[in-house]
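1. Below are the sequence and a predicted model; questions follow.
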Amino acid sequence: MQFADVIGSVRRHWRVSVAMFLLSIIGLGVFLFTRKQARGSDKWQAQVLLLVPVRGKDGALPAGVPAELLQGQAQIALSSETTAAAMDAAGIKGDDRDRVTFGFKTNFDPSATAGKTGNQTTGKGDILTLTVTAPEQAQAVKLIDAYSDSYSNARRKKVGEDDNGSTKGARTSLEVYKNQLAQVDTQLQALDANVLNQLRAFDATQTAATAPGQTPPAVYLPPDANTDVVLLASQHRALVDRIAVARQKYADSSADALTPSSFATVVERPNPTEIVPPVPSPWMPVGVALGLGVLLAIGVPVLIDVLDRTIREPRSAMKALGAPVLSTLPVHSEADLARLALPGSALDAAYRALATTSVATDQLPRAIVVTSPVGDAQDGVAANFARALADLGLDVALIATDDRQSWYVDAVTATGAPTLTDMIAVAQSGRLNGQIRERLVTSDLSNLTVVAPSEVQADDLLEGLPRLFEGLASAGVDVIVIAGPALLEDPSATIFAWSTRSVLWVIEAGQVTDQEAREAASRLELAGGTPFGVAMVSEPT
């Protein structure tokens, strides 16, 4: 599709283009009128700031803090369990849950460097900010308190899980050390029971010692003691020390698991702030609406023409019928095709241009049939074409072939005029010579005569038309214009085309499909006829 085709589509369907553009403008107007109502509702935002431990300058983990809690661990704060617990504690239920939101951020700055002078806290991730938004101020205040508590509880749970793991580990280690000590003592009992008794006494004395700096007596081993005994004694002492450490670790972790810390301290509670969503900017919708309006104004007419299989352009008519377009006739309504054009009108000028072009070709035949593949647009074209030729000084005879063309005779106020059947009967009898002028109906132009319509049998047409043409020619008629029926709708149309050997096609825009036009052109070719040209009937642009 070329640019000219697009322009043609818009010109033909300009009403659709205007309607599409106006719809876009109306939509834009509705948006601009309601954009204040379209903005979001006002909300209240509340925050709480928490101080949490972070890694040391050397990257070491803080003592007793699970690795998951470093940097605040956003997954814990925004998890469904944490937020659901906060809403439950704040008494938010049903649809109100969809109207609140939760937020989390940290002051961690990747560009902060350990050992940097100045404020060592900024950018280290030691400050967490919990945020909630709610439709009402009181609801936001209540919700931020519940959110802070639920987040702290989630951190305690994580610490408790870590402490329980440490307690289980210490208990397991203690059991292992006890079993190993029992095995060592069994071996010492077998090798040297006195040494084992001294070791146990030493263990009891060391445990009973309470005074600071008090040193329990050393274990005496004979100089000639067996090497295995010495090694087993060393293992005994090492296992006793490990058991003492494991016991202390088990006791500490058990106590921590009972009362875990959240490792998060509230340092600030800013006052709630009201959030007023801004009114949507009009510039982008204005641009989108105008662009969409232009796109629809161009695209819809083009789409209509793409889906429309009828002939609407002279170029399409010329391509389908294989004949040049001699004139484009501006017709406002179907009534213009059932009467003579008003003198001085644009339609009258178009008919004069058609007649002038036809004569200027030097190929205008003595007899030509004006027809169309389908429809009856040829009726008015034939009458006005004949009249325009007569205005140029030619002696023209207009032959009507259908009762709907009776207005040809009514227009010249002739009563009881001889019909086409009468003229053919006289021509077949040989009595036409010398009497033809008396049998033709005259018009307001002295050189334009009319043959009234009537139904004629095909056999009579085949034999009588050539004789009728000869008689008219001998009477001085320069051009015979036949207002024929539609070629694809009336079989007699082919006989008229065969008898004249020349056809002026009439195509009414939007009424004849491309397939119908091509089929009519093929039928004319089979009848031995030649297309003289095309008269395109369309609405004025």
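-> Ah, there it is.
2. okay, CA-based contacts and neighbour counts for the rest of this
-> Will do.
3. Which positions within stretch 335-342 qualify as buried?
-> For stretch 335-342, the neighbour count (16 or more other CA atoms under 10 Å) marks Asp336, Leu337, Ala338, Arg339, Leu340, Ala341 as buried.
4. what's near enough to touch the first one?
-> For Asp336, the residues meeting the contact criterion (CA atoms under 8 Å, 6 or more residues apart in numbering) are Gly380.
5. how about it, phi and psi?
-> phi -70, psi -20 (degrees, to the nearest 10).
6. quick revisit: could I get the buried residues of stretch 335-342 as TSV with pLDDT?
-> Listed next are the buried residues of stretch 335-342 as TSV, based on pLDDT from 0 to 100:
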residue	pLDDT
Asp336	88
Leu337	89
Ala338	88
Arg339	90
Leu340	91
Ala341	92
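7. Which of the residues you listed sits closest to Ala486?
-> Nearest to Ala486, judged by CA to CA, of the buried residues of stretch 335-342 is Leu337 at 14.7 Å.
8. quick one: contacts for that closest one?
-> Taking CA under 8 Å, 6+ apart, one finds Val331, Ala377, Gln378, Asp379, Gly380, Val381 in contact with Leu337.
9. which one among those residues gets closest to Ile424?
-> Asp379 (20.9 Å).
10. How much space separates the residue lying closest to that closest one once chain neighbours are set aside from Ala323?
-> Closest residue in space to Asp379, ignoring its immediate chain neighbours: Ala483 at 5.8 Å, by CA to CA, 6 or more residues apart in numbering. Separation of Ala483 from Ala323 (CA to CA, to the nearest Å): 19 Å.
11. Pick out whichever of these two has more residues nearby.
-> Per other CA atoms under 10 Å, whichever of Ala483 and Ala323 has more neighbours is Ala483, with 29 against 18.
12. Surely the more buried one is in contact with Ala367?
-> No. Using CA atoms under 8 Å, Ala483 makes no contact with Ala367, being 11.1 Å away.
13. For stretch 449-460, which outside residues touch it?
-> 396-403, 405-406, 408-409, 417-421, 424, 440-443, 492, 495.
14. Buried members of these into ChimeraX, please.
-> Selection of buried members from these for ChimeraX, criterion 16+ other CA under 10 Å:
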select :396,397,398,399,400,401,402,405,408,409,417,418,419,420,421,424,440,441,442,443,492,495
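15. contacting residues for the residue nearest to Asp379?
-> Here Ala483 is in contact with Val369, Val370, Thr371, Gln378, Asp379, Ala382, Ala383, Leu398, Ile399, Ala400, Thr401 (criterion: CA under 8 Å, 6+ apart).
16. Which of those sits closest to Val48?
-> For those, the nearest to Val48 is Gln378 (87.7 Å; CA to CA).
17. Walking through this protein, point out its strands one by one.
-> For the chain, the strands defined by DSSP state E cover 43-51, 101-106, 127-134, 265-268, 273-275, 325-330, 367-371, 396-400, 441-442, 448-451, 479-483, 502-508, 530-538.
18. Quickly, which of those bottoms out on average pLDDT?
-> Here the lowest mean pLDDT among the strands of the chain goes to strand 441-442, at a mean of 80.
19. Tell me how far that strand lies from the chain's centre.
-> 67 Å (CA atoms, centre = their mean, to the nearest Å).
20. what's the answer for stretch 4-18, then?
-> Counting by CA atoms, centre = their mean, stretch 4-18 comes out at 24 Å from the chain centroid.
21. Only the buried residues of that stretch, if you could.
-> Val6, Gly8, Ser9, Val10, Arg11, Arg12, His13, Trp14, Val16, Ser17, Val18.
22. Pipe those into a markdown table and attach distance to Gly476 per row.
-> Output for these, formatted as a markdown table (distance: CA to CA, whole Å):
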| residue | distance to Gly476 |
| --- | --- |
| Val6 | 49 |
| Gly8 | 45 |
| Ser9 | 47 |
| Val10 | 49 |
| Arg11 | 46 |
| Arg12 | 44 |
| His13 | 47 |
| Trp14 | 49 |
| Val16 | 52 |
| Ser17 | 54 |
| Val18 | 55 |
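23. Columns distance to Leu461 and pLDDT on top of those, output as JSON lines?
-> Converted to JSON lines, the buried residues of stretch 4-18 look like this (distance: CA to CA, whole Å; pLDDT from 0 to 100):
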{"residue": "Val6", "distance to Leu461": "46", "pLDDT": "81"}
{"residue": "Gly8", "distance to Leu461": "43", "pLDDT": "76"}
{"residue": "Ser9", "distance to Leu461": "43", "pLDDT": "78"}
{"residue": "Val10", "distance to Leu461": "46", "pLDDT": "82"}
{"residue": "Arg11", "distance to Leu461": "44", "pLDDT": "80"}
{"residue": "Arg12", "distance to Leu461": "41", "pLDDT": "75"}
{"residue": "His13", "distance to Leu461": "43", "pLDDT": "78"}
{"residue": "Trp14", "distance to Leu461": "46", "pLDDT": "84"}
{"residue": "Val16", "distance to Leu461": "48", "pLDDT": "88"}
{"residue": "Ser17", "distance to Leu461": "50", "pLDDT": "89"}
{"residue": "Val18", "distance to Leu461": "52", "pLDDT": "90"}
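24. can I get the strands of the chain in TSV with distance to Arg467?
-> Below are the strands of the chain laid out as TSV (distance: least, CA to CA, whole Å):
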stretch	distance to Arg467
strand 43-51	98
strand 101-106	98
strand 127-134	100
strand 265-268	116
strand 273-275	98
strand 325-330	30
strand 367-371	12
strand 396-400	14
strand 441-442	19
strand 448-451	15
strand 479-483	13
strand 502-508	17
strand 530-538	21
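25. closest one to Ile25 among those strands?
-> strand 530-538 (30.6 Å).
26. who's in contact with that closest one?
-> 312, 314, 317-318, 321-332, 354, 364, 501-509, 524.
27. And stretch 368-377, by the same measure?
-> 337, 378, 381-382, 479-489, 493, 496-497, 500-508, 511-512, 516-517, 520.
28. Just the buried ones out of the residues you listed, please.
-> 337, 378, 381-382, 479-488, 493, 496-497, 500-508, 511-512, 516-517, 520.
29. Phi first, then psi, for Asp192.
-> According to degrees, to the nearest 10, Asp192 has phi -160, psi 100.
30. can you map out the helices along the stretch 201-350 of the chain?
-> Per DSSP state H, counting those that start in this stretch, the stretch 201-350 of the chain carries helices over the ranges 227-258, 283-307, 314-321, 346-360.
31. could you dump those helices to CSV with mean pLDDT, mean neighbour count and distance to Lys93?
-> Output for the helices of the stretch 201-350 of the chain, formatted as CSV (pLDDT from 0 to 100; neighbours: other CA atoms under 10 Å; distance: least, CA to CA, whole Å):
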stretch, mean pLDDT, mean neighbour count, distance to Lys93
helix 227-258, 77, 16, 32
helix 283-307, 85, 17, 37
helix 314-321, 92, 19, 69
helix 346-360, 95, 19, 77
